[in-house]
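Q: What follows is a protein structure lacking sequence information:
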């Protein structure tokens, strides 16, 4: 007998620190709104992301009619990876005038390889251009 397909009742995205999420906002209210048990979600999320140890990651959660859920963990945002590579706390408020840090082309290529499956492109060069644009918008210069 064929398996019956579950009815999808909702989808939402949530960003949290890998391995350190708590049921406090923003995770708890987002889960509660769709009838997902926040404690159960946080436990599974932390288990899957413990290797990222505090780096912000995005999870896309799919909720089914019987209140079960599954989620896909995406790679960390490019801005988080760029801040980590440039060793800066935050991006520039005026990126066209004030530069806050520098990264090398090799670092941009490494970040592009990490983000490739989540970006809207097919090769590393295109992904590197997307990451370079993010760096430019953050006030981070690209050397070499």
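A: Looks like it came in fine. A quick note: this is a predicted structure, and the numbers were derived from the prediction, not measured. Numbers count the residues shown, from 1 in each chain.

Q: Quick check: beta-bridge partners of residue 73?
A: For residue 73, the beta-bridge partners are residue 59 (DSSP bridges).

Q: quick one: it and residue 128, what's the gap?
A: Counting by C-beta to C-beta, to the nearest Å, the separation of residue 73 from residue 128 is 23 Å. Quick note: C-beta positions are derived from backbone N, CA and C, even for glycine.

Q: what about the two, which has more around it?
A: Neighbours were counted for residue 73 and for residue 128 using other C-beta atoms under 10 Å; residue 128 has more, 21 against 14.

Q: Determine how far the helix or strand containing the more buried one lies from the middle of the whole chain.
A: Using DSSP states H and E, residue 128 falls within helix 124-138. Distance, stretch centre to chain centre, for helix 124-138: 16 Å (C-alpha atoms, centre = their mean, to the nearest Å).

Q: Would you mind pulling the contact partners of that helix?
A: If you take C-beta atoms under 8 Å, 6 or more residues apart in numbering as the criterion, helix 124-138 is touched by 78-79, 81-83, 86, 91-92, 95, 100, 103, 105, 108-109, 111-113, 115-116, 119, 121, 141-142.

Q: Go through those and flag which are in strands.
A: The strands, defined by DSSP state E, take in 103, 141-142 from the contacts of helix 124-138.

Q: Which of these ranks first by neighbour count?
A: Busiest of those [other C-beta under 10 Å] is residue 103, holding 25 neighbours.

Q: so that one bridges to which residues?
A: residue 142.

Q: quick one on the thing from earlier: pLDDT for the ones in strands among the contacts of helix 124-138 - can I get that in CSV?
A: Listed next are these as CSV, based on pLDDT from 0 to 100:
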residue, pLDDT
103, 87
141, 87
142, 86
